[in-house]
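# here's a sequence, model it:
(one chain, ligands or ions: 1)
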Amino acid sequence: MSELTPMMRQYLEIKADHPDSILFFRLGDFYEMFLDDAVKASRILDITLTSRGKGGDGADVPLCGVPFHSAAPYIAKLIEAGEKVAICEQVEDPKATKGIVKRQVVKVVTPGLVVESESLSPKENNFLLSLFDGDNGRWGVAYLDISTGEFRLTEVEGHDAAWGEVACANPREILVPASFRENMRVDGRGDLAAGRTFTYVDDWVYDRDYTERLIKNHFGVASPGALGCDGYTEGLQAAAAVLHYLQETQKGRVDHIRELRAYRTQEFLVLDETTRRNLELTATLSEGKRRGSLLGLLDRTATAMGGRKLRQWINYPLVIVEKIKERQDAVGELVNDPVLRAGIREALEGVYDLERLNGRISLASSGAKDLVALKASLQRIPHLLSLLESTGTALLGELCKGIDPMHEVAELIGRGIVADPPFVLREGGIIADGYHAELDELRAISREGKGFIARLEAKEKARTSISSLKIRYNKVFGYYIEVTKTNLGSIPEDYIRRQTLANAERFITPELKEYEEKVLGAEERIVELEYSLFQQIRLSVAAEGERLARTADRLATLDVLASLADVAHERNYCRPIIDDGDTLSISEGRHPVVEALNVSERFVPNDVLLDNGENQLVIITGPNMAGKSTFMRQVALIVLMAQLGSFVPATETRIGVVDRIFTRVGASDNLARGQSTFMVEMMETAAILRNATPKSLVVLDEIGRGTSTFDGVSIAWAVAEYLHDTARCAAKTLFATHYHELTELAVTRGRIKNCNVAVKEWNDQVIFLRKIVEGGASHSYGIQVARLAGLPIEVIERAKEILHNLEKGEYVEGGVPRISRGKKVAAPKSSPQLSLFEQGDDLLRQRLAGLNIAALTPLEAINILDELKRMV
Ligand SMILES: Nc1ncnc2c1ncn2[C@@H]1O[C@H](COP(=O)(O)OP(=O)(O)OP(=O)(O)O)[C@@H](O)[C@H]1O
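Numbering: from 1, shown residues only. Sure, this is the predicted structure:
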């Protein structure tokens, strides 16, 4: 250390406190980065890496820097790359200090804690999420969007459910206890962890006493119960870690985080992470795009706040009938009143992102333009309220009552700040004339001074007869008179020479300097005064933050309702009947997204009836490409849309509220988790059988197809039976399969029905009718579909031959299909797959041999006899 320059020593001391962040070290007009930080940042930012001497051992120190006044885009780029940036400022006036000026980190910008708009996407929250794993299997989850002040917490059972919440909140940064670092519980969660910054918090922070104290102090309450967080422990520990982290990074500016909302996942329709992904709720499966997702379809919101709220409604559909109906009533009123709907949407178009404006104002990082945007938004409200005044439904009425035009705030901004203020705050031109007497006076002096300069220039031109004479200004010399070299002969005696240029000379006069002092003095004072007046206005606005947050929330709700109504109207949706019953019936349902995106083929509507009686489990067979998956997803989406309060693509719908939707759809290879397709399939199926209830909706698409045919049929069969026979998980189920054997389940099981997707055969071709009809299908038409897909004709013909062999039961010894052309191939010694019948014989023998007749009760004996008969 002793060999280092004093500045380098100061740098290293500060850096030691921020090992995880890139330290932006303020040196004059630059933020400099040194050592490893410099190497890393220069690569990410694509800026030049240089070096300077006097590091340890006199070695060169790598160095790079960015200008402080344009640092924002550089910070944004580092954050985008998942880095954290600690901003270290000079906290003393360098002119007034001897030796080295004192420096301090004033804030740490992290991916989960950005407020700068260039790093945020408008219609998405930017969450910092905190996970805490209690000893009892309960997990606390808390997440905060610092840009809006939204702060929530919940507790869930187990690792999977906790990651379900992570998938839902989609945070940029995750806080976990430091002890996680070793036993990273993100094992098998590579995909969910990817692209997120992990921050490790010291374990002691999660101490129960400390966390309770943090919460009480921050929110100024006597107990967490006062926040509505009674009964939460791990959730509060997770939330307190967020507050602790805020203190460390924001250095105190977190007053706008005024609420902490606790929720139980059971209060909502629970969607696990797989289902959320499979149903393409907020992003498509293949490309992760918003277009093509349910959100992309439903989002016609006019404001960014509305966009975020709609995403939240889709992620958390409701289960309480009354609440769903309240939303439906409001949507219904807006569907039926196009004038009202258009009026609301038009008024909202002019409303800026009040939640984020509010955040920036509270964090004192807002400029004058933000305040003007706030005023413009507030000015739209009175008209909006006049539109809502006559509405009849409870929710719209409530919103109307709760939206606050905040007249005095709009008035203050209007009176205080000019209509189009500059971006920069420190150069004046912000405060309106007439707002402050002293400012007006100073401005008069400054204006007068400028007039004086113009008059003086004219006077000097006349006196010297030099028509090219000019009075100019620059920062170094102030005001001066400039005369070109050719005219130097005519200058008067009292001109004092200041500077000589190639073709001109610059002079001053005492008169000029005297005025300069007056004008410049006034201008300096103006800039200072304007800044302090601006800060006062901003503070008064910030004091109304809570009111503004409430109003913003209601405007967002109104925006979502109007957006849902707009889609419902345009796409001809119906209002579903919602109750607590067991029936799920949809007439002429359509898939909302396929219908909207696939305009080349008319969408064929289909009905569905599920209940906990005769129609509990519907087995859907039918050819490839017929529309099985589309049909099942459409049922799940219609239920979800209905429970979030939307109208649905159908003509008539009755939905008994569903507690969870499960899907096991297609083969979602999950290489990131290092598991095979079949393994993932089975894990997801296991989770469904563990968690489904009679109130759930289960969608199973071709389970068992990831393994050999016999294993696959057996598993599919047993799963279907289990869902039917086990009261605890007798969920309403749609079960699509290519194993036609499964259609026989309906014979022995009372609550199982068969359906198939109709096709027409014509000249060895299939025509898809897309209609779901009762009964099982007889064919898969896989070969016809393969032909459509362009498989070589030789392969198609050969496949038909083999299929024919198989269907006729023409096998060689060992169960391999007889080969009717081509070279003879030696049959394998032991067949890997016996035919169903041969295997059946074998199983029968095994089963009989294994029976201990002496130990059977008569009833058991009868059951076994029944089983054996079925096997035959
Ligand atoms: N009701 C419908 N009306 C119009 N087009 C439809 C309908 N249902 C499905 N389609 C279209 O048919 C195509 C195939 O549908 P889907 O993937 O649901 O078939 P599938 O039976 O599940 O096929 P596979 O068994 O091969 O997985 C989709 O591209 C979809 O756009």
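# check which residues of stretch 402-410 are buried.
Judged by neighbour count (16 or more other Cβ atoms under 10 Å), stretch 402-410 contains these buried residues: 403-406, 409-410. Quick note: C-beta positions are derived from backbone N, CA and C, even for glycine.
# gap between the two ends of that stretch?
One end of stretch 402-410 sits 17 Å from the other (Cα to Cα, to the nearest Å).
# which residues sit against it?
With contacts defined as Cβ atoms under 8 Å, 6 or more residues apart in numbering, stretch 402-410 is touched by 374-375, 378-379, 381-382, 384-385, 388, 540-541, 544, 547-548, 550-551, 554-555, 558.
# among these, name the buried ones.
For those, a burial check counting by 16+ other Cβ under 10 Å picks out 374-375, 378-379, 381, 384-385, 388, 541, 544, 548, 551, 554-555, 558.
# how close does residue 437 sit to residue 533?
Applying Cβ to Cβ, to the nearest Å, the value for residue 437 to residue 533 is 12 Å.
# which of the two has more neighbours?
A direct count of neighbours by other Cβ atoms under 10 Å for residue 437 and residue 533 places residue 533 higher, at 19 against 8.
# the more buried one: which element?
Using DSSP states H and E, residue 533 maps to helix 510-542.
# pull out the buried residues from that helix.
Residues of helix 510-542 classed as buried by neighbour count (16+ other Cβ under 10 Å): 512, 515-516, 519, 522-523, 526-527, 529-531, 533-534, 537-538, 541-542.
# what separates that helix from the chain centre, distance-wise?
Mean-position distance between helix 510-542 and its chain equals 44 Å (Cα atoms, centre = their mean, to the nearest Å).
# chain neighbours aside, what residue packs nearest to whatever residue of the chain ends up closest to the ligand?
Closest approach between the chain and the ligand, counting by Cβ to the nearest ligand atom: residue 627, at 2.8 Å. Nearest non-adjacent residue to residue 627, counting by Cβ to Cβ, 6 or more residues apart in numbering: residue 770, 4.7 Å away.
# would you say that neighbour is within a strand?
Yes. Assessed with DSSP: H, G, I helix; E, B strand; the rest coil, residue 770 lies in a strand.
# ok, back up a step: tell me which of the buried residues of stretch 402-410 is nearest to residue 748?
Relative to residue 748, the closest of the buried residues of stretch 402-410 is residue 403; by Cβ to Cβ it sits at 59.7 Å.
# how much space between the closest one and residue 558?
Counting by Cβ to Cβ, the gap from residue 403 to residue 558 is 8 Å.
# cool, residue 378 as well?
15 Å.
# same check on residue 401?
Residue 401 sits 12 Å away from residue 558, going by Cβ to Cβ.
# now do residue 752
According to Cβ to Cβ, residue 752 and residue 558 sit 46 Å apart.
# residues in contact with stretch 92-105: which ones?
Contact partners of stretch 92-105, identified using Cβ under 8 Å, 6+ apart, comprise 6-7, 10, 14, 17-18, 23, 25-26, 86-91, 251.
# among those, which lie within helices?
6-7, 10, 14, 17 (DSSP state H).
# buried subset of those?
7, 10, 14.
# what sits against the second one?
Under the criterion of Cβ under 8 Å, 6+ apart, the contact list for residue 10 reads 100, 103.
# give me the pLDDT for it.
Here the pLDDT value assigned to residue 10 is 92.
# buried ones in stretch 27-41, by neighbour count?
Within stretch 27-41, the residues that count as buried by 16+ other Cβ under 10 Å are 30-35, 37-38, 40-41.
# follow-up on the earlier one: which strands and helices sit next to the helix holding residue 533?
In terms of contacts (3 or more Cβ pairs under 8 Å, 6 or more residues apart in numbering; DSSP states H and E), helix 510-542 is packed against helix 354-362, helix 368-378, helix 407-416, helix 437-464, strand 478-484.
# nearest to residue 563, of those?
Comparing the helices and strands packed on helix 510-542 by Cβ to Cβ, helix 354-362 comes nearest, at 17.0 Å.
# walk me through the domains of this protein.
Annotated domains of the chain cover 6-109, 122-267, 299-406+544-570, 437-538, 577-791, 797-833, 834-872 [automatic domain parsing].
# would you reformat the ones you listed as TSV and include distance to residue 116?
Shown next, in TSV, are these (distance: least, Cβ to Cβ, whole Å):
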stretch	distance to residue 116
domain 6-109	6
domain 122-267	9
domain 299-406+544-570	8
domain 437-538	17
domain 577-791	31
domain 797-833	60
domain 834-872	65
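# please name whichever of the ones you listed is nearest to residue 274.
Per Cβ to Cβ, nearest to residue 274 of the domains of the chain: domain 577-791, 5.6 Å.
# quick one: end-to-end length of that closest one, please.
47 Å.
# please apply the same query to stretch 698-714.
19 Å.
# next: stretch 849-866.
17 Å.
# now for the helix or strand harbouring residue 212, which elements pack on it?
Element membership for residue 212, per DSSP H and E: helix 208-219. Helix 208-219 sits against helix 234-250, with contacts defined as 3+ Cβ pairs under 8 Å, 6+ apart.
# tell me which residues in the helix it packs on are buried?
234-246, 248-250.
# tell me how far residue 467 lies from residue 490.
11 Å.
# okay, the two: which has more neighbours?
Per other Cβ under 10 Å, whichever of residue 467 and residue 490 has more neighbours is residue 490, with 12 against 8.
# contacting residues around the more buried one?
Contacts here follow Cβ under 8 Å, 6+ apart; on that basis residue 490 touches 464-466.
# just among the residues you listed, which is most surrounded?
residue 466 (19 neighbours).
# for the spatially closest residue to that residue that is not a sequence neighbour, what are its contacts?
Spatially, and ignoring its direct neighbours in sequence, residue 466 is nearest to residue 487 (4.5 Å; Cβ to Cβ, 6+ apart). Listed by Cβ under 8 Å, 6+ apart, the contact partners of residue 487 are 464, 466, 468-469.
# show me which residues of this structure sit near the ligand.
For the chain, the residues in contact with the ligand (Cβ under 6 Å from any ligand atom) are 594, 598, 601, 603-604, 622, 624-630, 770.
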